[in-house]
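A.B. asks: sequence-free structure coming up:
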């Protein structure tokens, strides 16, 4: 393959990263929808990969919790998707699709919410995009995700998730200028 062909492919990939997948008439809506779709795809890939890993581990009898030789007691393992061990393959596939969709939705909502809040903060603060925007967006997104992932979420879990979200997003913002 000649260099000009390789450059064309790389230019196409770079333009995809900068281009929005949607044109909904407003930059905020475009950003939220774009973030949602991209993160939902990542969430689906992560969910399917995790289940494939657990399927392989179960099939080999390897006990990943102790990192030792295969375990005799495989029934006590806790899976993220416990309903995947259906009565037959179609029930397992149905559970996989349902749980992957749920996880994709959670990832997409988190990314869309975070992206929308950072955009709104930037507009409200006169175009300033700094660690403060990231901290507020991370905290609100962390708190919202904590409240949506379980029916019995305590206020301590919400606060912990808000603090974690703020810390991660602030660190990412600060480190983005380093790299």
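C.D. replies: Structure's in. What do you need? Everything quoted here is computed from the prediction, not taken from an experiment. Numbers count the residues shown, from 1 in each chain.
A.B. asks: contacts and neighbour counts: CA atoms only from here.
C.D. replies: Will do.
A.B. asks: Which helix runs longest in this structure?
C.D. replies: helix 89-124 (DSSP state H).
A.B. asks: Contact partners for residue 101?
C.D. replies: residue 44 (Cα atoms under 8 Å, 6 or more residues apart in numbering).
A.B. asks: Give the buried residues for the longest helix of the chain.
C.D. replies: 95-97, 99-119, 121-122 (16 or more other Cα atoms under 10 Å).
A.B. asks: same question, stretch 139-153
C.D. replies: Result for stretch 139-153 [16+ other Cα under 10 Å]: buried residues 139, 140, 141, 142, 143, 144, 145, 146, 147.
A.B. asks: CSV for these, including pLDDT?
C.D. replies: Converted to CSV, these look like this (pLDDT from 0 to 100):
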residue, pLDDT
139, 96
140, 96
141, 95
142, 94
143, 95
144, 92
145, 91
146, 92
147, 90
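A.B. asks: So the residue sitting nearest the centre point of the chain versus residue 113, what's the distance?
C.D. replies: Nearest residue to the geometric centre of the chain (Cα atoms, centre = their mean): residue 107, 3.8 Å. To residue 113, residue 107 is 10 Å away according to Cα to Cα, to the nearest Å.
A.B. asks: swap in residue 174?
C.D. replies: 20 Å.
A.B. asks: could you say what helices and strands the strand or helix carrying residue 146 packs with?
C.D. replies: Per DSSP states H and E: residue 146 is located in helix 131-149. Contact here means 3 or more Cα pairs under 8 Å, 6 or more residues apart in numbering; DSSP states H and E; on that basis helix 131-149 packs against helix 89-124, helix 155-176.
A.B. asks: for those helices, which one sits closest to residue 35?
C.D. replies: Closest of the helices and strands packed on helix 131-149 to residue 35 is helix 89-124, at 5.2 Å (criterion: Cα to Cα).
A.B. asks: relative orientation of the closest one and helix 155-176 in degrees?
C.D. replies: 70 degrees (axes from the mean of the first three to the mean of the last three Cα atoms, to 10 degrees).
A.B. asks: State the mean pLDDT of helix 89-124.
C.D. replies: Taken as a whole, helix 89-124 has a mean pLDDT of 88.
A.B. asks: For residue 119, list the residues it contacts.
C.D. replies: residue 28.
A.B. asks: how close does residue 39 sit to residue 31?
C.D. replies: In terms of Cα to Cα, residue 39 sits 12 Å off from residue 31.
A.B. asks: Residue 99 too?
C.D. replies: For residue 99 relative to residue 31 (Cα to Cα), the value is 26 Å.
A.B. asks: can you check residue 114 too?
C.D. replies: 10 Å.
A.B. asks: which residues are in contact with both of these two?
C.D. replies: With Cα under 8 Å, 6+ apart, residue 114 and residue 31 have no common neighbours.
A.B. asks: Where does pLDDT dip in the protein?
C.D. replies: The chain contains residues with pLDDT under 70 at 1-6, 12-20, 61-91, 179.
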